[in-house]
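> how would this look folded up:
(one chain, ligands or ions: 2)
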Amino acid sequence: MQIKVTAPAQIHTTIQLPSSKSISNRALIINALGNRTFQLENLSDCDDTQVMIHALNDGKNTIDIMAAGTAMRFLTAYLSVTPGTRIITGTQRMQQRPIQVLVNALRELGAEIEYIINDGYPPLRITGHKLQKDTISLPGNVSSQYISALLMIAPILSNGLTLTLTGEIISRPYINLTLQLMNDFGARAKWLNEYQLKVEPQPYQSIPFYVESDWSAASYWYQIAALSNKAEIILPGLFETSYQGDSKVAEIFQLLGIESIYGNKTVTLKKTDKITERLDYDFINQPDLAQTFVVTCALMNIPFRFSGLQSLKIKETDRMAALIQEMGKLGYILHETDDRILSWEGERCEMTADVAIDTYEDHRMAMAFAPACVVMPEIRINNPQVVSKSYPYYWEDLKKAGFIIEEV
Ligand SMILES: O=C(O)C1=C[C@@H](OP(=O)(O)O)[C@@H](O)[C@H](O)C1
Ligand SMILES: C=C(OP(=O)(O)O)C(=O)O
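Ligands and ions are numbered 1, 2, ... in the order given. Alright, predicted model coming up:
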């Protein structure tokens, strides 16, 4: 399927964003490990959260988490401490996303996990039982989701857990998000120092819990505002002091002429004329924002150097390669350095005729490229349904804001 997206002349709208999938999926695991006294409120309706709900509630022997990285990693740890033998699998791409660091750590703690097809990758066969060991060391430079997964099961281990992280720690705000939620649910978990984490053997308590809106999803509305001549966008359900590391998007977009005005549980995006001449930024802590800023800066003609992108290669697709390829179609020549930096110094090439953006089964490719139509007559997006991974109503929300979406 392909759609053609056309933008309105100006944008004045209020958009109810989806709930945070990162918070939803953590709250679900924690609640499942606790006593489930309260219902979680405002859980995301995205695919990644729906697969997690099914995995935890349906009692199936084979669990298919489709493309959800958090579900694969968090459930691998969860199933390792939950009685029974289960197979956990996912999409073809999920079967290429590494999980060895987490499996090795869990095995060292005493878990029973087998690779079913390829060593180091899902699918896995997991038999859950009590884990005894209470210290573990693992690399922090592949995916923070492994660390979050281990942290979340730690309060129910007999002696708690001390984790030592080696190498550069990527996506650290997501580890902090995990600690924050664990502590909200009555656990005792904290950093001992920059590289060590400690979790006490203190069980979770259910609490009434409401999931806030998704800051990563908000980034596409910041992008639309930045690319528009005239825009005012109100986003309810977002807070300045958010648990989510991607709330940083507000600060970075300030450099691209967008002011965030925080009100009663909402943020309003307004345009300013303060726009930086170039943007250099290290995305090590906010990898999911990289696509938003690559597309936005190039289309605003702002040269950039974005570092800290090493984890992009093992996400829904190789996002570095996908960005270079698709920005090339729009006439922008990006450079990749050392598998971790993407830069653009203003080099242009001819734009592909009848350009259609490929999305590589990556929701963020669709969501970050669609706003390009604000500065182009139109944009075509292939396989637009990929957005359901984190933001099922993205296209409906664009329509609500006055965009025209046609199937072609
Ligand atoms: O813990 C989480 O909720 C996430 C952590 C990040 O992954 P990495 O730690 O693999 O970078 C992020 O990209 C992903 O979308 C969600
Ligand atoms: C990388 C992402 O998700 P996950 O790793 O959880 O599949 C994402 O949502 O951009």
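
> nearest residue to Glu194 other than its sequence neighbours?
Ile169 (7.9 Å; C-beta to C-beta, 6 or more residues apart in numbering). Placement of C-beta: from N, CA and C, glycine included.

> what residues does the stretch 301-408 of the chain put near ligand 2?
315-316, 364, 390 (C-beta under 6 Å from any ligand atom).

> how about low-confidence regions in the stretch 1-150 of the chain?
Counting by pLDDT under 70, the stretch 1-150 of the chain has no low-confidence residues at all.

> in it, what residue is nearest ligand 2?
In the stretch 1-150 of the chain, the residue that lies nearest ligand 2 is Gly69 (2.5 Å; C-beta to the nearest ligand atom).

> and for the stretch 301-408 of the chain?
Counting by C-beta to the nearest ligand atom, the stretch 301-408 of the chain gets nearest to ligand 2 through Lys315 (4.1 Å).

> list the contacts of that residue.
Lys315 makes contact with 69, 97, 287, 362, according to C-beta atoms under 8 Å, 6 or more residues apart in numbering.

> for it, phi and psi?
Main-chain torsions, Lys315, degrees, to the nearest 10: phi -90, psi -150.

> and stretch 38-53, how far apart are its ends?
One end of stretch 38-53 sits 15 Å from the other (C-alpha to C-alpha, to the nearest Å).

> do stretch 262-281 as well
24 Å.

> please apply the same query to stretch 364-381.
Using C-alpha to C-alpha, the distance between the terminal residues of stretch 364-381 is 12 Å.

> now swap in stretch 129-138 and tell me
Rule used - C-alpha to C-alpha; the end-to-end distance of stretch 129-138 is 21 Å.

> please apply the same query to stretch 390-402.
22 Å.

> need the nearest residue in space to Tyr281, chain neighbours excluded.
Nearest non-adjacent residue to Tyr281, counting by C-beta to C-beta, 6+ apart: Phe306, 5.7 Å away.

> nope, Gln145 is what I was after
Nearest one to Gln145, counting by C-beta to C-beta, 6+ apart, is Arg73 at 4.0 Å.

> and the one you found, what is it in contact with?
Arg73 makes contacts with 99, 102, 143, 145-146, 148-149, as judged by C-beta under 8 Å, 6+ apart.

> change it to 7 Å
By C-beta atoms under 7 Å, 6 or more residues apart in numbering, the residues touching Arg73 are 99, 102, 143, 145-146, 149.

> which positions in the stretch 101-250 of the chain make contact with ligand 1?
The stretch 101-250 of the chain comes close to ligand 1 at residues 143-145, 148, 170-171, 174, as judged by C-beta under 6 Å from any ligand atom.

> could the residues you listed go into CSV alongside secondary structure and distance to Glu378?
Converted to CSV, these look like this (DSSP: H, G, I helix; E, B strand; the rest coil; distance: C-beta to C-beta, whole Å):
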residue, secondary structure, distance to Glu378
Ser143, coil, 36
Ser144, helix, 38
Gln145, helix, 37
Ser148, helix, 40
Ile170, coil, 37
Ser171, coil, 35
Tyr174, helix, 36
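
> Lys329 touches Val355, doesn't it?
Yes. With contact defined as C-beta atoms under 7 Å, Lys329 counts as touching Val355 (4.8 Å).

> please see if the strand or helix carrying Gln291 touches ligand 2.
Gln291 is part of helix 290-299, with elements assigned from DSSP states H and E. No. Shown here: helix 290-299 not in contact with ligand 2 (C-beta under 6 Å from any ligand atom), separated by at least 8.5 Å.

> just checking, next helix/strand downstream of that helix?
Helix 290-299 is succeeded, C-terminally, by strand 304-307 (DSSP H and E).

> list the buried residues in that following strand.
Of the residues in strand 304-307, 304-307 count as buried by neighbour count, 16 or more other C-beta atoms under 10 Å.

> and which of those residues is nearest Asn183?
Ser307 (31.3 Å; C-beta to C-beta).

> and that closest one, what does it touch?
By C-beta under 7 Å, 6+ apart, the contact set of Ser307 is 282, 340-341.

> again, but for Thr296
223, 226-227, 256.

> quick check: buried residues in stretch 242-254?
The neighbour-count check on stretch 242-254 (16+ other C-beta under 10 Å) flags 242-250, 252-254 as buried.

> not counting its neighbours along the chain, what's nearest Asn13?
One correction, residue 13 is Thr, not Asn. In space, and not counting its chain neighbours, Thr13 is closest to Ala401: 4.1 Å by C-beta to C-beta, 6+ apart.
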